[in-house]
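1. Here's my sequence, what's the structure:
(one chain, ligands or ions: 1)
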Amino acid sequence: MNARSVRVDLGERSYTVHIGPGALLSVPDEIRRSLGERPTRAFVVHDAGVPQVYCDELCAALRGAGLDPTVRDITPTEHAKSMDTLTGVLRDLGASGHSRADPVVALGGGITGDLAGFAAACYQRGVPVVQCPSTLLSMVDASVGGKTGVNLLVPAPGGERLLKNMVGAFHQPLAVAADTRLLDSLDDRQRRSGMAECVKHAMIAYGVTGADLLSETRAVLPAVLAGERDATDRLIERSVALKGEVVRRDERESLGGAGGAGGMRMLLNLGHTFGHAIETIPHLTPDPAFPEMAPLLHGEAVALGMVAACRCAEAAGKCDASLGDELVGLLDTIGLPTRVAGLPEDDEIIARMGSDKKAAGGVGRLVLPVGRGRCEVTVSPDGSWIRAGLKAIRG
Ligand code: GLY
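-> A predicted model of the protein is given here:
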């Protein structure tokens, strides 16, 4: 059974993140503890990539607690994270007789969690959701903090453009079950990709809690890369605790603050404004020797985005080169890309960055490192700094 847990302290919306092998089995207890005897059903949104055995185990546990499960399989791609798929899930919820008292359970990676969480936020104006993340990336980041949503396809010159997470809602889960047995079903590339979000947390941790998560992450990496479960669970616990603290202090990513710099949660966007701008470029590959690996995974794009942000901060005189060098060293050890071949011209990427939701209109805001474990939101960054960042990641 799972050994670790982190409490996310949000007053009446507080919840526990269970971490470890067997954490899935905590789901029925969490539902009964939070919702009492009223729920009679549970609607499970199952990422078809998660081995069926875990879905069956979850459903058996739900049945054992008197919750009749309905399972909806989805194939999670950025294109399927859409209003159309959302409509399908909502229709199935309605058809299954799901009531306001009944929970949705998301079993899968970040796309599944965002989509199922948003369906739960919308259905009957909001039903409870339990997040059961299956990837490292979703365990340490996406499943915690209540962000839910789907992508939006908008008309654009010459076709359509996908705007990531453009429609959504904050909807905190009633619990998170990060069952680390599920990580065994991931391939090596996905595991490495997930570690990008752990590195992101380490890059902001000192400024949030005073913890030197950069050194801790470096120390634990060999064991995590070797697949040692306890080291992996510990890294997840540390990352979730950091994320939980950021969310506690700024639950809804406030836009205000001194000089329009926004609240603390924006720091979690480190690497994402650059990252989102390149993630959807179909021909980019993490390894030029393997073009068939295109497109980039989210964590790979974030890794490149963090390097660009670091070098951008260096050009702005906000940090010295040693920070970028330390970051590149860490990402190299993990096996994440720090350069990429075939990037479009700067102006095209800057235009994409400007329409990213995280940039808040123009490249209006950018999260930039200012020291070891410390970042800040920079308003109206200079174009020359951004170009320096892009130059640094061109392969
Ligand atoms: N993944 C960034 C956030 O939850 O705010």
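
2. Mind jotting down where the strands sit in the stretch 151-300 of the chain?
-> Using DSSP state E, counting those that start in this stretch, the strands of the stretch 151-300 of the chain run over 159-170, 175-178.

3. So what does the most centrally placed residue in the chain look like in phi/psi?
-> For the chain, the residue sitting closest to the mean C-alpha position, by CA atoms, centre = their mean, is Ala142 at 3.3 Å. Note on Ala142: its backbone torsions stand at phi -60, psi -30 [degrees, to the nearest 10].

4. what's it in contact with, if anything?
-> By CB atoms under 8 Å, 6 or more residues apart in numbering, the residues touching Ala142 are Gly109, Gly110, Gly113, Asp114, Pro133. The way it works is simple: take the backbone N, C-alpha and C, and place the C-beta from them, glycine included.

5. Write out the residues of the protein neighbouring the ligand.
-> Within reach of the ligand by CB under 6 Å from any ligand atom, the chain has these residues: Asp141, Gly145, Lys147, Glu253, Arg265, Leu268.

6. ranges for the helices of this structure?
-> In the chain, the helices defined using DSSP state H lie at 27-35, 52-64, 83-95, 110-122, 136-137, 188-209, 213-225, 229-249, 272-279, 298-315, 321-334, 346-354, 383-393.

7. Tell me where the stretch 251-395 of the chain is predicted with low confidence.
-> 257-261, 355-363 (pLDDT under 70).

8. Pick out the residue of it closest to the ligand.
-> Leu268 (3.9 Å; CB to the nearest ligand atom).

9. Excluding covalently adjacent residues, which one is nearest to that residue?
-> Val246 (6.1 Å; CB to CB, 6 or more residues apart in numbering).

10. what's near enough to touch the one you found?
-> Val246 neighbours (CB under 8 Å, 6+ apart): Gly145, Ile204, Val208, Met264, Arg265, Leu267, Leu268.

11. do Pro295 as well
-> Glu279, Thr280, Ile281, Pro282, His283, Leu284, Thr285.

12. These: which two are farthest apart?
-> Within these, Thr280 and Thr285 form the most distant pair, 13.9 Å apart (CB to CB).

13. Comparing these two, which shows the higher neighbour count?
-> Applying other CB atoms under 10 Å to Thr280 and Thr285 shows that Thr285 carries more neighbours, namely 20 against 17.

14. where does the more buried one fall, phi/psi-wise?
-> With angles defined as degrees, to the nearest 10, Thr285 sits at phi -130, psi 150.

15. Please work out how many residues are found near the residue of the stretch 1-150 of the chain found nearest the ligand.
-> Residue nearest to the ligand within the stretch 1-150 of the chain: Gly145 (4.2 Å; CB to the nearest ligand atom). If you count neighbours by other CB under 10 Å, Gly145 ends up with 26.

16. is it true that it touches Glu245?
-> No. The criterion here is CB atoms under 8 Å, and Gly145 misses it with Glu245 at 10.8 Å.

17. Farthest-apart pair in the residues of the chain next to the ligand, please.
-> Farthest pair in the residues of the chain next to the ligand (CB to CB) is Asp141 and Glu253. Separation: 13.5 Å.

18. returning to what we had before: weakest of the strands of the stretch 151-300 of the chain in terms of mean pLDDT?
-> Of all the strands of the stretch 151-300 of the chain, mean pLDDT reaches its minimum on strand 159-170 (a mean of 91).

19. buried ones in it?
-> Across strand 159-170, burial judged by 16 or more other CB atoms under 10 Å covers Leu162, Leu163, Lys164, Asn165, Gly168, Phe170.

20. Give me the contacts around stretch 283-293.
-> For stretch 283-293, using CB under 8 Å, 6+ apart, the contacting residues are 189, 278, 294-297, 300, 336-337, 340-343, 395.

21. what comes up buried for that stretch?
-> Applying 16+ other CB under 10 Å to stretch 283-293 flags Leu284, Thr285, Pro286, Asp287 as buried.

22. could you dump those residues to TSV with distance to Ser82?
-> TSV is the format used below for those (distance: CB to CB, whole Å):
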residue	distance to Ser82
Leu284	22
Thr285	25
Pro286	25
Asp287	29
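
23. Just to check, Met353 is in contact with Ile278?
-> No. In this structure, Met353 is not within contact of Ile278 by CB under 8 Å, at 9.2 Å.

24. for the nearest residue to Ala388 once chain neighbours are set aside, what are its contacts?
-> Using CB to CB, 6+ apart and skipping residues adjacent in sequence, the residue nearest Ala388 is Ala315, 3.6 Å away. Ala315 makes contact with Ser384, Trp385, Ala388, Gly389, according to CB under 8 Å, 6+ apart.

25. Share the number of residues neighbouring the first one, please.
-> Going back to what we said before, that points to Ser384. Count around Ser384 with other CB under 10 Å applied: 11.

26. now do the second one
-> For Trp385, the number of neighbouring residues by other CB under 10 Å comes to 22.

27. ok, now the last one?
-> Other residues within reach of Gly389 by the criterion other CB under 10 Å amount to 28.

28. That one: what's it in contact with?
-> Phe274, Val307, Ala308, Ala309, Cys310, Arg311, Cys312, Ala315.

29. 7 Å instead, please
-> Phe274, Ala308, Ala309, Arg311, Cys312 (CB atoms under 7 Å, 6 or more residues apart in numbering).

30. Neighbour count added to the residues you listed, as TSV?
-> Formatted as TSV, the contacts of Gly389 follow (neighbours: other CB atoms under 10 Å):
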residue	neighbour count
Phe274	32
Ala308	29
Ala309	34
Arg311	25
Cys312	28
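
31. Pull the most distant pair out of those residues.
-> Greatest spatial distance among the contacts of Gly389 (CB to CB): Phe274 and Arg311, at 10.1 Å.
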